[in-house]
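Q: Fold the stuff below for me.
(chains A and B)
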Amino acid sequence: MPIEEIENDTLVYKGANFFKQRLLLSTLSGKPVKIKDIRSDFSDPGLREFEVCLVRLLDKVTNGTVIELNNSGTAIYFRPGLLQGGTITHDCCLKRGIGYYIDVLLAIGPFCKNPLNVIFKGVTNSKDSPSIDHIKSAAFPILKRFIVVDDGLELKIKKRGILPDGGGEVHFKCPVKKSLRSLQVVNPGMVKRIRGTAFTCKVSPAMANRTVESAKGVMLKFLPDVYINTDQNKGRLSGNSPGYGISLVAETTEGVFFATEEISFSKTEDSKQTVPEDLGNKVAIRLLDEIYRGGCADSTYQWLIALYMALGQSNVSKYLVGPLSQYSIHFLQHLRDFFSITFKLENPEDDEDDSIPGFTKVLMTCVGINYTNISKRVN
Amino acid sequence: MPGDEDSSDKKKSHRARQSGVKAEKKKLKKTKSVGKDETLTARQRNPKAFAINSAISAERNFRRKEDLTAKKQHIPIVDKTPDVPPPVLVAVVGPPKVGKSTVIRNLIKNFTRTNVTEIKGPITIVTSKKRRITLIECNNDVNSMIDIAKCADLVLLLCDASYGFEMEIFEFLNICQVHGMPKIMGVLTHLDVIRNPKTMRTRKKELKKRFWTEVYDGAKLFYLSGLIHGEYLRNEIQNLGRFISVMKFRPLTWKGTHSHVLVDRVEDVTNTEMIRQNSKCDRDIVLYGYVRGVPMNKELSVHIAGYGDARMEELSSIPDPCPMPGTEKKRNLLEKERMLYAPMSGVGGIVYDKDAVYIELQGSHSHKKKNEDDEDAIQQEDLLGKLIEKKQTIDTQIEEQEFRLFSDAPAIKSKDFVDERKAKVQSDDEDDEEGSEAEEDDEEEDNDSGMDDEEMEDWKVEQSEEENPAEDSSDEEYEEKVGLDSDFNWRDNLAQKARDDYLERQAESGNLMKIVYGVFNVSAKSKPEQEEAEDKEDSSSDNEDDIGGLFKKVTQKQAEIQKQREIQDKEECCFFEVYSNEIRNWLDPENKIYIQNCFVTGKWKASEDAEELLKLDDLSDAESEVYGDFEDLETGEKHDAKDKEKDDKDNEPDPKKRKMTRVEEENLTKAELMAKKMKLKAKFDSEYDNGGEKDEDDGRITGDHQYYEELKAEAQKQSELNKKEFEGLDDELRSKIEGGYRPGMYVRMSFKGVTSEFVTNFNPTYPVLVGGLNMAEENIGFVNCKVKKHRWYKKILKTGDPLIVSIGWRRFQTIPIFCKVEDNFRQRYLKYTPNHVTCSMTFWGPITPQNTGFLALQTVANDREEMKRIGFRIAATGAVAELDKSTQIMKKLKLVGTPFKIYKKTAFIQGMFNTSLEVAKFEGAKIKTVSGIRGQIKKAHTTPEGSFRATFEDKILVSDIVFCRTWFKVEVPRFYAPVTSLLLPELEKDQWKGMKTTAQIKREKNLQNDPNVDSLYREVSREQKVFKPLKIPKTLQRSLPYKDKPKHGPVDGVKAEDRIAVIQSPHEQKVSKMMKMIKTNYDDKKAKEKLEMNERAKKFKAEQDQEKNAYHKRQQNLKRKMCRAISKVKGKSKS
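A: From the prediction side, this is the model:
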C-alpha cells in the first residue's frame, strides 16, 4: 500500500489493512499519520471495535497523543505523543485475540519511559492473531536477542479464554532499554527438539491427549526429541467458552524457534466439528511447513525483526529469514515510509558445502537508524 | 715515591683457573648463560626467586595491576570513519585584532602556495595524502562562536599574548565544553610586542598555566613570535601545519549521531521574474557542503542554525570539488593535487556578493592551471556530452557561469540564466540515469509482474525462467516435476501452485528488492516519468497483442486498482499466508526429503558434520583412500565406487542444493582437498583456540580479560563489516540502504520557500551550519534539564524570564520554569535559580535526546554596555534529563480562612473558597489552625457561599486563622522562538533581540511596581491585654485544700481605701515627734542591753563548762585510783 501523499509531515494512507503497522510505526517515529477510506465501501463502514480498542491502548501507553476520528469512523488522524508505559489494565475487544495487542507492545515496550506492566483481559487463543503461547515461544527469543539483558521480560497466562466469550487474562511485562543492539544472525541451525502445549478449556481433557498423540505421531517421524505438555483448565481459569487447541515449537541448535498453533472451532461455528486427531496432524504438518521455510525466525515475526534491525544502532545488521510473507513485505514498505530505511534483500549465495537446507532464504541487511529511547529519564 | 711504594706493595692478583673442573664449569656457564639470556627471562630461568612468598602481598600486587589495567580500558566503540573522510574542520577563534586571518592566510600559503587575499567563509584545502582540512574563521559574535563550537573538529584558539586571555576565549571554552569538546590548540600571537625577554618568559608561563587549567594539563600551546612582512615566521607556521595534519580525533557523541554540513557555497535559484515582481518573495536556495557525522538523509528535516527548521526539497551528491589526492604511492603531494576550494572567498575567480558577482583577475595562478587541467580531462571524456561537463567540478561550473556572464553582459539576474541552470540540472539527472534506463525498464516490468498474481502468473514464470536460464539442474528437475504434476491435475493443485509461485518468486535473487521496494521507486519519481515508463512497458508487453495498447493499459490499471483495493480493506493478519489451507503433505516420502536435513537427524553441513571432518582428517593422514575407482595392480581387483554412489544418492537426494557428491569429490585434486581442509581447520581454530594467541607462560598471575577482549573483537568485527558490506554497491542504492549520503561526500541541498532575508542579508563571515535532525527531534515538547547557573555570571536567573538556549543544533528563546526535585519526587517550583547547586529546569522546546548538553544566555546581542555590566555572557549550563508532553511542577499554595461559628470541635469556616463546588473538590483535605490544631474539611455550607463545616481535634478559637496547605500545578509557557540571527541585516547581525524580560521593559519605561501593602513595615502598636478575673467554681473551691482556696479576708473588713485619713495638728505633731524620739532612744537602749546580756551569757556558759570539765577530771582520777587499789588487793589475795 503506497502512501497517498505527505501533507506537512503527516503521512496519509488509505484502507483498513495494516492499521496496526501504521499506528505502531507512527508512535515510534513520532510522525503523525492519517488513514482515510477505512472500509468505506462496506455495508458497515469505519473502524472495527478491535481497532478502536487498539487506538485506546496506544493512548494509554503514550502521553500527549492526539486522535481525531471523523463521524463515520472511516478516517482517523493520529498524532503520537511520547511513550509513557507503566502499569496498565486493558480490556481487549473479544473480536480479536490478545496477541494482536501484545504485538504492538512488544515493538514499543523497550522504548517506554517506565517499564510496561500490562494486564490484558480477553481472548488468549484465536485463529486470526498469534496466541500467547506463540508469542512467548517465537517472539520472545527475538526480543531477547536484541535487548541482551532481559530481566523483567515476562508473559504469563493467568486464565485462558477463547472465542466467542473470552475471559482470559494475561500479564505482560517488558523492561526499558536505551537502544537495541545490531546483530548478524545468518545461521539458523538444525531443529533439535520439538516442544508444545495442548490446552483444553471446558472440554474433556482427553481432547488434549488425543491431539498430542497425533501431533507427536507426525513429529516423531523426523525427530525423537518431542515433548508436548497438556494444560487442562477448569472453572475460573478456563475462561467463558469451551474449546481446545495446541501449539508446537521447534528449537534449533542455534536457538531459533519456529512455532505454529491450531485451535478448534468455536462454539458459534457450531456447524463445524473438530476432530482432535485432525487438529494434531494439521498443526504438525504446518510446523513442518514452517521448518521448510526456515530462516532464523518464525515467519510470523519477520516484521518484528525488520523493525528491531531498523531501530538498532547505526551498524550493519544481518538477519536470515525464510521467504517474506505478504505482511512483512508491506511492513518493509511502511518502514521505508516512516523511517526512510531501505533493506538490502538478497538470497544468500550458495557456499556449496555450507548451504542451508529447506527453501531458499532471504538475507535482510540494513544499517540501523540508531533509534534511542527518548522517553526514559536519565539522572 | 709513594706511588712506587704502592705498586711494589700491591698484592698478587687472583688468577682464575685455566683448566680443571672449575674452569670447565665456568666455561660452560658462560657459553650457556649467554644462549639462555636470549630466549628466557630471569623469571623463567630462576622461578624460585620469583615465587610467591606471601599470599596477601601477592593478592595486593595482583589487585593493583588489575586496577591499573582496568583504568586503561575503555568501552570499545565501533569505528565509523568512512573511507574518504570529510575535511577536518579547523576553526580559528579569538577576539578581534588578534591575527586570525593572518594565521589562516599563512596556513593556506604553507599548504597550497597560494595567497588568498580575503578570508570569507570556509576554505577547503588538501594538506596531505590522506587529509583535507576546512579552515574557517570565527567572528566575534556569540552566535557564530556557538555554531562553530558545535561543528569544529579542531579549534585554534588565538590569543594576544601582550594582552592575555579575554573573556571571549573563556566563553568559547565554556561553549565547547557544553557541546562536546573538540580538540583545542592555543596559539599565542603578538609576542614581539613584549620587548623584555624575561617578561616574555614569565608571560608565556602564566598564559600556559591558565590555558592548561582551562583545557587540560599538557594541552598544546603554540607561540608565534612575530610578524615579518605581515606574515608569521615560516618555520613556526610549518610546525603548526604539521601538527594540524597529523592530529587525531576522537568521536563526539552529538556529532557522531547527527549528520551536518558546514555550507561553503550558497546559491539563490529563484525565478528572477518573481524577484522582480516582489523582492520579498520566498526564495529557492541551494546549499553546498561536505556531509559530516553520519549519513545525511533527505527525508529527515534539518535545522539551519540561525534560520530555523527546514525540509530539503532535494539532496544529491555532486563530484567532489576538492578531491582527495590519488592513491598511487609517492612521497609528496603533486603540485596539481594541492587543491584549494573557497567559493565564498572568491578563490574560484568569482566573488559572490549580495547582489553582484565580481571577477578577480589577479592572484590564484595555481587555480588557473588547475582549471586547464580539468578541462583537458573533460575533453577526453566526452562520453556524457557537454551537459555532464558542467557537473564535473565546481570550478568548471563556476567558469561556465563566468562565461555566460560575459556574454549576457550585466544580466546576472536574467531569467534565462536561472532557467538554463535548472534545465541543466534536470537534464544532468536524466543523463545520469540513461545508462541504467534499460535496466530500469525491465525492473518496472518485474514490479508489475510482482504485483499481479493469478492472471499474470504463467507469463511471469516464463519470464523469470528466461531471465535466469542457468539455474541448478536439480532445481529445473524439480520444477519440471511440479510442472508435470500440475499439467495432469492442475485444477486440484491450483492453490499449491500459487503458493509455490509466491515462494519461487522470492527465490530469485534479483527480484526480492523489486518485489518489496520496486513499485515505490516509481512513485517516488515524478508522475509523468512513471506514466512514460508504463507506456514503454505496455508497448513491450503488447507486442503480441492485436488489440490497441490503450485498452490493455486501461484494463491493467483497472486491475491494479482493483488489487490495491482488495488488499487495502483486508483483515490485518501477520501470519504467513496459507493458500486455501492447502499444505504440502510433508509425510509423503517424496516431500519428506525436502525437509529431512532441517533436523539434527538429517545430514549436517560439511563444516559441522563429524563424519565429514573425520573423513577429511583421514584423507590427509593416509594418502591412499578407497574413494574412487582404482585397480589393485597386484590382485587385479577393481574397486568400483558406482554402487556406493547409488547409496549416497538415495541418502542425500536434496534436489535444491545438492551436496557435493562423491564423484565430484574424487575429481578434486589433492591441492583442493588440502585447501578445503585448511579452511575447516581455520574455522575450528577460530572457534576453539582463542585465535591462537601466544601463550607465553612467564609465571605471572594474570587476570581474566576475556570479556573485554571479546567486546573489543566484536566492535572490531562490526566496524569491518560496516566498511565491507556495501563496498560494491552503486552509489544510489548504497545511499538508500545506508540511510543517506555518507560523510565525506559533497552534497547539494536545495530548499524551497526560504525567506528572502536569508539571501539578501547573507554574510559569508557568518557560518551557515545545516544540522540533520534525527527521528522525533523535529517534534516539540517539554524538555526537563539539570541546570546550574554559571558561577561567573553575576546575576541569578528568574523563573519565567525569557532565556536563550543553545541545545543540539539549535539556538532559541524560551521561557523556563525552575524547580527542585524533592525527596518524594515532587517538583517544587522555584522563583530563582539557587547559587552553586544544580536545579531542574523545564521549558517548551524541541525534543532533544537525553544527556545532550546545553547552555543558556540572557542575551546574544553584542552590547558593549551590557557586556561590561555582566562580564560573562553564559548564564547557565546543564544537560537534558527527560522529555515529556506534560509537566508536573507544583507550587505551594496556602488557602486561608476564618471560623465564624464554633461548636465543640466543629467549626464553620469562611473565606477559604469561593463556591461550594470548590469546597466539594477539597472535601477530606487536611487543615490546620495557626496554633497547630489539626482538622479536616467535611462539607460545604450554604451561607455564606464557599464556607464549609470542618472538624478539629480540639475546640478552636474565633480568633484562630485556619490554613489549608495544597499544591498548585504551574503551567510552563509554550513559547519557543528560534534565534534568527542569519536573517538580520548586515549591521544588526549581532544585535538579535527576542522577547524582553519584565525587568528590561520596566527599566526602559521607567515603571515601578506598587509594593504589596501587607508587605510594608508599619509602626507596631500593641494594646494592653485585659484578662478577666479567675473564677473558681464553688464545688471546686470546696474540695481544694485551704492553702489553695481563694482567700476573701474578713467578711465585714474595712478596705484600705475606706479608712479615714488622720491629719495631725502642729501640737500633736510635736507630741508624736517627741514620742518617736523617746521610742528611738528606748529601742537603742534595749538593743545595747541585749547585746550586753548576750555577752554575759556567753561568759557564764564558758565558766560553767570549765567547772564541768574539772569535775570530770577529778572523777576520772578517783576512779583510776580506786581501780588500781582494787586490782592490787586482788593480786595480793591471789598470791
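
Q: Specify the residue ranges that define each domain of the chain.
A: Going with chain A. Each structural domain of chain A that the record assigns through automatic domain parsing is listed here as a residue range: A:1-81, A:191-293.

Q: my bad, chain B
A: According to automatic domain parsing, chain B is divided into the following domains: B:412-465+B:476-539+B:577-583, B:589-631+B:662-686, B:779-887, B:891-969.

Q: Would you pull up the residue in the stretch 751-900 of chain B closest to chain A?
A: As assessed by CB to the nearest CB, chain A sits closest to B:K885 within the stretch 751-900 of chain B, at 2.7 Å. (Each C-beta comes from the backbone N, C-alpha and C, glycine too.)

Q: wait, what's in contact with that residue?
A: By CB atoms under 8 Å, 6 or more residues apart in numbering or on different chains, the contact list for B:K885 reads A:63-64, A:81-82, B:781-782.

Q: Flag every buried residue along stretch A:43-52.
A: Neighbour counts using 16 or more other CB atoms under 10 Å in any protein chain shown place A:46-48, A:50-52 of stretch A:43-52 among the buried residues.

Q: Show me which pair in those is furthest apart.
A: The largest distance within the buried residues of stretch A:43-52, taken as CB to CB, falls between A:G46 and A:F50 and amounts to 12.5 Å.

Q: residue ranges of the helices in the stretch 951-1100 of chain B, please?
A: Ranges of helices within the stretch 951-1100 of chain B are B:998-1005, B:1034-1039, B:1066-1134, based on DSSP state H, counting those that start in this stretch.

Q: Buried deepest among those helices, which one?
A: Sort those by mean neighbour count, taking mean count of other CB atoms under 10 Å in any protein chain shown, and helix B:998-1005 sits at the top with a mean of 11.

Q: Might you calculate how far stretch B:174-188 sits from the centre of the chain?
A: 17 Å (CA atoms, centre = their mean, to the nearest Å).

Q: Ok, stretch B:226-240 next?
A: For stretch B:226-240, the distance between its averaged C-alpha position and the chain's averaged C-alpha position is 39 Å (CA atoms, centre = their mean).

Q: do the same with stretch B:165-178
A: Taking the mean of its C-alpha atoms, stretch B:165-178 sits 20 Å from the chain's own mean (CA atoms, centre = their mean).

Q: Dump the buried residues of stretch A:43-52 into JSON lines; add pLDDT, secondary structure and distance to B:H190 as well.
A: What follows is the buried residues of stretch A:43-52, written out as JSON lines (pLDDT from 0 to 100; DSSP: H, G, I helix; E, B strand; the rest coil; distance: CB to CB, whole Å):
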{"residue": "A:G46", "pLDDT": "87", "secondary structure": "coil", "distance to B:H190": "77"}
{"residue": "A:L47", "pLDDT": "89", "secondary structure": "coil", "distance to B:H190": "74"}
{"residue": "A:R48", "pLDDT": "89", "secondary structure": "coil", "distance to B:H190": "78"}
{"residue": "A:F50", "pLDDT": "91", "secondary structure": "helix", "distance to B:H190": "76"}
{"residue": "A:E51", "pLDDT": "91", "secondary structure": "helix", "distance to B:H190": "73"}
{"residue": "A:V52", "pLDDT": "92", "secondary structure": "helix", "distance to B:H190": "74"}
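
Q: Mind checking which of the contacts of B:K885 land in strands?
A: With strands taken from DSSP state E, the overlap with the contacts of B:K885 comprises A:63, A:82, B:781-782.

Q: Save these as TSV, and put in neighbour count too.
A: What follows is the ones in strands among the contacts of B:K885, written out as TSV (neighbours: other CB atoms under 10 Å in any protein chain shown):
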residue	neighbour count
A:N63	19
A:L82	25
B:G781	23
B:F782	22
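
Q: re earlier: going by mean pLDDT, which of the domains of chain B comes out lowest?
A: Ranked by mean pLDDT, the domains of chain B end with domain B:412-465+B:476-539+B:577-583 at the bottom, a mean of 47.

Q: Let me know whether the helix or strand hosting B:V261 sits next to chain A.
A: When secondary structure is defined using DSSP states H and E, the element that contains B:V261 is strand B:260-268. No: taking CB under 8 Å from any CB of the partner chain as the criterion, strand B:260-268 and chain A are apart, separated by no less than 14.9 Å.
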